[in-house]
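1. Structure here, sequence nowhere to be found:
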């Protein structure tokens, strides 16, 4: 074998090629319809009729919301008034059913017992202690 190495040389000829340009799709009837539909939709959106209808719907929605809020507020006020009336009636009934003579007697007796206990404590403070007499 020889020390010379044989290299394989591949030559590619340079050719003038046009760069790749993707094909531009040709407009179809569907594309024309889409474009026309988009134009009609934009025209309808920008129309005064649509703007007027939108303003009317906004006013209507605001009116309905305000009425709904008023109804809820009225219901809450009525419920609070009814609850206050029920509580008032319950208090009136309790007042009518209470035996005030008995309550007065019981209160007076309890007050006198308390006063008696306080007097007993005061008497204990002033009572002298007896001293035991030793050596008499």
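-> That came through fine. What you see is a predicted model, and the numbers here were worked out from it, not measured in a lab. Residues are numbered from 1 along each chain as shown.

2. what are the ranges of the helices in the protein?
-> All helices of the chain, identified by DSSP state H, fall at 29-45, 48-97, 100-126.

3. For those, could you give me a markdown table that also reports mean pLDDT and distance to residue 12?
-> (Each C-beta comes from the backbone N, C-alpha and C, glycine too.) Putting the helices of the chain into a markdown table (pLDDT from 0 to 100; distance: least, CB to CB, whole Å) gives the following:
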| stretch | mean pLDDT | distance to residue 12 |
| --- | --- | --- |
| helix 29-45 | 88 | 42 |
| helix 48-97 | 93 | 65 |
| helix 100-126 | 94 | 121 |
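
4. Including distance to residue 15 and mean neighbour count, could those helices go into JSON lines?
-> Compiled in JSON lines, those are given as follows (distance: least, CB to CB, whole Å; neighbours: other CB atoms under 10 Å):
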{"stretch": "helix 29-45", "distance to residue 15": "37", "mean neighbour count": "10"}
{"stretch": "helix 48-97", "distance to residue 15": "60", "mean neighbour count": "10"}
{"stretch": "helix 100-126", "distance to residue 15": "121", "mean neighbour count": "9"}
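
5. Among these, which comes closest to residue 21?
-> Among the helices of the chain, helix 29-45 comes nearest to residue 21, with 20.4 Å by CB to CB.

6. So what angle separates the directions of that closest one and helix 48-97?
-> On the basis of axes from the mean of the first three to the mean of the last three CA atoms, to 10 degrees, helix 29-45 is oriented at 60 degrees to helix 48-97.

7. Any chance you could list what contacts helix 29-45?
-> With CB atoms under 8 Å, 6 or more residues apart in numbering as the test, helix 29-45 has contacts from residue 50.

8. next one: that helix to chain centre, how far?
-> Relative to the mean C-alpha coordinate of its chain, helix 29-45 is positioned 44 Å out (CA atoms, centre = their mean, to the nearest Å).

9. and if you look at stretch 124-133?
-> Taking the mean C-alpha point of stretch 124-133 and that of its whole chain, the gap between them comes to 72 Å (CA atoms, centre = their mean).

10. Any chance of CSV for the helices of the chain, columns distance to residue 14?
-> Below are these laid out as CSV (distance: least, CB to CB, whole Å):
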stretch, distance to residue 14
helix 29-45, 40
helix 48-97, 63
helix 100-126, 122
